[in-house]
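[1] Give me a 3D structure for the following:
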Amino acid sequence: TNNDNKTSRINLLPTGKTFTNSNSSFNALNYNHNATVNFEIKLDSTATIYTTHRFVKGNSKNKNFSNQITLNETDDELNRSISGDYSESDRGTFASEIYFYKKFKKKNRGFTFSMDSEINKNDDFSNTDSQTLFQDPTPNDIRKQNRFDTLDKTNVTLEARYGEPLTDSLRLSVTSELILENEKNNRRTFDYNAMSNEFDEFNDAQSNFITSKTLRYFPSTGLIISKKRLNGRVNFGPEFITFKNESQYIGVNTHINKNYVFPKVTGYMSYSIGKSKSIYANYNYNVKLPSASQILPVENLANPSNV
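    Numbers count the residues shown, from 1 in each chain. Modelled structure (predicted):
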């Protein structure tokens, strides 16, 4: 893929407007391999296991050349930059879904158990040769460096649900859900050394290691309605969250660990109007936590224009 772009942008700042004009040329090569395997296993007339497994392997190579200039409202130059970048990325994903259903003799009484998991691993490399020149006292940013980024991410969700009929169309639902999220980001940056003609000078300010672990437990009670035209479910309960984060940056180790309890509600409804017409509605109330990079004292200096 080849792309040439020319952009003019107005930046609205508290101190006034600035204007950025840029040109870039981008070349990319990507490939992906995907494979999916499904199984259905009937243990007996009352119990069934369904499984789905997905494999993804991908690689991309990119070249980018760009230059830009930023002016103030009187057309005075504030900064200009020129850069040439090359990057490679290897990505791998394995995802698995397992679902077990058991029905009992009593109508609408049943038990389900499910496990969803996804493992991601990304290895990225980038070579940067850039110059960002400022007209004010801000030091110029000159970079000739290699950067290595590694991401390891694992998500696992376990859910057990028991349904007990109250009437022909109404069931009580008792559910336990456990979610584990584990993420590691390792960034290593090396500057060019003219003496050795190698990229062997470790850059502390542009390197870091961040880990984050989140454990969520959501025990809930709910109701399930199943009628000829109307179907729906609502679950509500407390969500217990353990949030652990750690960073290593410029020789400083930082730990931020928190425990939370929040209310959580999930629900959906569908109503059939006619043969091919239906109305659907969904509702979710939960609390989204910030990412580890948002709360840990680690500066992202990857982009010279944002320094």
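
[2] Tell me how many other residues surround residue 292.
    22 (other CB atoms under 10 Å). C-betas here are computed from N, CA, C, even on glycine.

[3] just checking, residue 245 touches residue 211?
    Yes - at 7.0 Å, residue 245 counts as touching residue 211 under the criterion of CB atoms under 8 Å.

[4] just so I have it, where are all the strands in the protein?
    If DSSP state E is used as the criterion, the strands of the chain fall at 2-13, 16-42, 47-71, 77-103, 110-134, 141-165, 170-193, 198-202, 208-226, 230-249, 252-272, 278-285.

[5] Would you single out the least confident of the ones you listed?
    Least confident of the strands of the chain, judged by mean pLDDT, is strand 2-13 with a mean of 90.

[6] from the chain's centre, how far out does that one sit?
    26 Å (CA atoms, centre = their mean, to the nearest Å).

[7] With stretch 19-32 instead?
    23 Å.

[8] Now the common contact residues for residue 245 and residue 211.
    Common neighbours of residue 245 and residue 211, counting by CB atoms under 8 Å, 6 or more residues apart in numbering, are residue 292.

[9] Those two: which is more packed in?
    Neighbours per residue, other CB under 10 Å: of residue 245 and residue 211, the larger number sits with residue 245, 23 against 18.

[10] need the contact list for the more buried one.
    Counting by CB under 8 Å, 6+ apart, residue 245 touches 210-213, 255-257, 292, 295-296.

[11] can I assume residue 289 is in contact with residue 244?
    No - with contact taken as CB under 8 Å, residue 289 and residue 244 are classed as non-touching, separated by 11.3 Å.

[12] which residues do those two both contact?
    With contacts defined as CB under 8 Å, 6+ apart, the residues adjacent to both residue 289 and residue 244 are residue 214.

[13] just to revisit the earlier point, need the strands of the chain in a markdown table (columns: distance to residue 302).
    Below are these laid out as a markdown table (distance: least, CB to CB, whole Å):
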| stretch | distance to residue 302 |
| --- | --- |
| strand 2-13 | 20 |
| strand 16-42 | 17 |
| strand 47-71 | 14 |
| strand 77-103 | 11 |
| strand 110-134 | 9 |
| strand 141-165 | 7 |
| strand 170-193 | 8 |
| strand 198-202 | 16 |
| strand 208-226 | 11 |
| strand 230-249 | 14 |
| strand 252-272 | 19 |
| strand 278-285 | 34 |
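
[14] Report the buried members of the contacts of residue 245.
    Neighbour-count burial (16 or more other CB atoms under 10 Å) is assigned, among those, to 210-213, 292, 295-296.

[15] Out of these, which is nearest to residue 42?
    Minimum separation from residue 42 among the buried ones among the contacts of residue 245 (CB to CB) is found for residue 213, which lies at 37.5 Å.

[16] Excluding sequence neighbours, find me the nearest residue to residue 107.
    residue 165 (6.3 Å; CB to CB, 6 or more residues apart in numbering).

[17] For the one you found, name its beta-bridge partners.
    residue 171 (DSSP bridges).

[18] Verify the stated contact: residue 88 with residue 146.
    No - with contacts defined as CB under 8 Å, residue 88 does not count as touching residue 146, sitting 11.1 Å away.

[19] Now the common contact residues for the two.
    When CB under 8 Å, 6+ apart defines a contact, the residues bordering residue 88 and residue 146 alike are 125-126.

[20] Tell me who's in contact with residue 106.
    residue 165.

[21] Look up how far residue 48 lies from it.
    Here the distance between residue 106 and residue 48 works out to 18 Å (CB to CB, to the nearest Å).

[22] Distance check, the residue nearest to residue 107 against residue 286.
    Residue 165 is 28 Å from residue 286, where distance means CB to CB.

[23] returning to what we had before: out of the buried ones among the contacts of residue 245, who's nearest residue 194?
    Of all the buried ones among the contacts of residue 245, residue 194 sits closest to residue 210, with 31.2 Å by CB to CB.

[24] beta partners of the closest one?
    For residue 210, the residues forming beta bridges with it (DSSP bridges) are residue 185, residue 247.

[25] quick one: contacts for it?
    Residue 210 neighbours (CB under 8 Å, 6+ apart): 184-185, 245-248, 292-293, 296, 298.

[26] 6 Å - rerun?
    Residue 210 makes contact with 185, 247, 292 under the criterion CB atoms under 6 Å, 6 or more residues apart in numbering.

[27] Count the residues that sit near the second one.
    Going back to what we said before, that points to residue 247. As a measure of burial, residue 247 has 21 neighbours, counting by other CB under 10 Å.

[28] mind putting the buried ones among the contacts of residue 245 in a markdown table, distance to residue 11 included?
    Compiled in a markdown table, these are given as follows (distance: CB to CB, whole Å):
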| residue | distance to residue 11 |
| --- | --- |
| 210 | 29 |
| 211 | 35 |
| 212 | 32 |
| 213 | 38 |
| 292 | 29 |
| 295 | 27 |
| 296 | 28 |
